[in-house]
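Asker: Just to be clear, the model below is a prediction. Sequence and coordinates:
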Amino acid sequence: MTGMKLYGTTFSNNVRRAYAVALHLGIEVELIDVRPRTPAAHTPEFRRLSPNGRVPAFCDGDFRTCESHAIMVYLAESTPNTLWPADRSARAEVVHWMSWALAHWRLGWQPLQFERFVKPRFLGGQTDQRIVEEALPVFHAEARLLNDHLINRTWLVEEALTLADFSVAAGLCYAEPAELPLETYPEILRWYASVNALPAWKNSAPKLPI
């Protein structure tokens, strides 16, 4: 498998989840450093891959996409593995959790990550406590759901590592600096420790100090 290119930076939660899948599957993907809000994200060449200038963007020959979940599925379809199950019901369950990660889970962790970590550390801004207070109940509601689901489970779907685990785990990349309130969710902490122990997850972590 040659010629695949992934544009972005693993500082991005979305880029990291896609790159980790490639590493886990042993698929050769060239990671090309493009960071949002920089000139590289606004060149005509990059905008042809990602019209909105967001990362990740991906190409494999003539195929192009710029959504992390689409990239993950494309990679998982390229070689036999457990990440994208053959069983129809298991695959639907994977899609369920990937959809939940985007539609619901993200609404809890993303504002906390941005306000408590990204904005003050990288943008020189002040944390907006009103946004934090609005996000916390959302985070707790979704965290309770995830925590309950993980009771007596190693992974999210049918006791095998799947794309769902990479998708949901991406929201916890900056749990510590974002001060995500995980201390009352032992099942999430246990599960994320297992994700964190995966070589692909370790090797997809940002390499520069943050």
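Answerer: Nice, I can see it.
Asker: Let me see the contact set for the spatially most central residue of the chain.
Answerer: In the chain, the C-alpha nearest the mean C-alpha coordinate belongs to residue 170, at 3.2 Å (CA atoms, centre = their mean). With contact set as CB atoms under 8 Å, 6 or more residues apart in numbering, residue 170 has these partners: 13-14, 16-17, 68, 101. Every residue, glycine included, has its C-beta placed from N, CA and C.
Asker: What pLDDT does the model give it?
Answerer: According to the model's per-residue confidence, residue 170 sits at a pLDDT of 98.
Asker: From here on, call the first residue 251.
Answerer: Happy to do that; since the first residue is 251 now, the last one works out to residue 420.
Asker: ok, the residue of the chain positioned farthest from its centre - contacts?
Answerer: Residue farthest from the centre of the chain, counting by CA atoms, centre = their mean, is residue 294 at 26.2 Å. Going by CB under 8 Å, 6+ apart, residue 294 touches no other residue.
Asker: what separates the residue nearest to residue 311 when sequence neighbours are not counted from residue 412, distance-wise?
Answerer: In space, not counting the residues next to it along the chain, residue 311 is nearest to residue 253; the distance is 6.0 Å by CB to CB, 6 or more residues apart in numbering. With distances defined as CB to CB, to the nearest Å, the gap from residue 253 to residue 412 amounts to 26 Å.
Asker: and residue 417, helix, strand or coil?
Answerer: Remark: residue 417 carries the secondary structure label helix [criterion: DSSP: H, G, I helix; E, B strand; the rest coil].
Asker: what number of residues lie near it?
Answerer: Burial of residue 417, expressed as a neighbour count using other CB atoms under 10 Å, amounts to 27.
Asker: Run through the residues that contact it.
Answerer: Taking CB under 8 Å, 6+ apart as the definition of contact, the neighbours of residue 417 are 267, 318-319, 322, 347-348, 351-352.
Asker: ditto for residue 260
Answerer: 266, 269, 281, 454-457.
Asker: Which of those fall within helices?
Answerer: The helices, defined by DSSP state H, take in 266, 269 from the contacts of residue 260.
Asker: which stretches of the chain form strands?
Answerer: In the chain, strands defined by DSSP state E lie at 254-258, 279-283, 307-310, 313-315, listed in chain order.
Asker: For the last one, name the packing helices and strands.
Answerer: Contact here means 3 or more CB pairs under 8 Å, 6 or more residues apart in numbering; DSSP states H and E; on that basis strand 313-315 packs against strand 307-310, helix 318-326.
Asker: Reformat the ones you listed into CSV and put mean neighbour count next to each item.
Answerer: Supplementary listing: those in CSV, determined by neighbours: other CB atoms under 10 Å:
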stretch, mean neighbour count
strand 307-310, 22
helix 318-326, 22
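Asker: quick one: residue 397 and residue 440 touch, right?
Answerer: No. Because the distance of 9.7 Å does not satisfy CB atoms under 8 Å, residue 397 is recorded as not touching residue 440.
Asker: ok, the two, which is more surrounded?
Answerer: The neighbour count for residue 397 versus residue 440, taken as other CB under 10 Å, is higher for residue 397 (18 against 14).
Asker: Next one: that one, what pLDDT does it get?
Answerer: Checking the pLDDT column for residue 397, the value is 98.
Asker: That's all I had, so thanks and see you.
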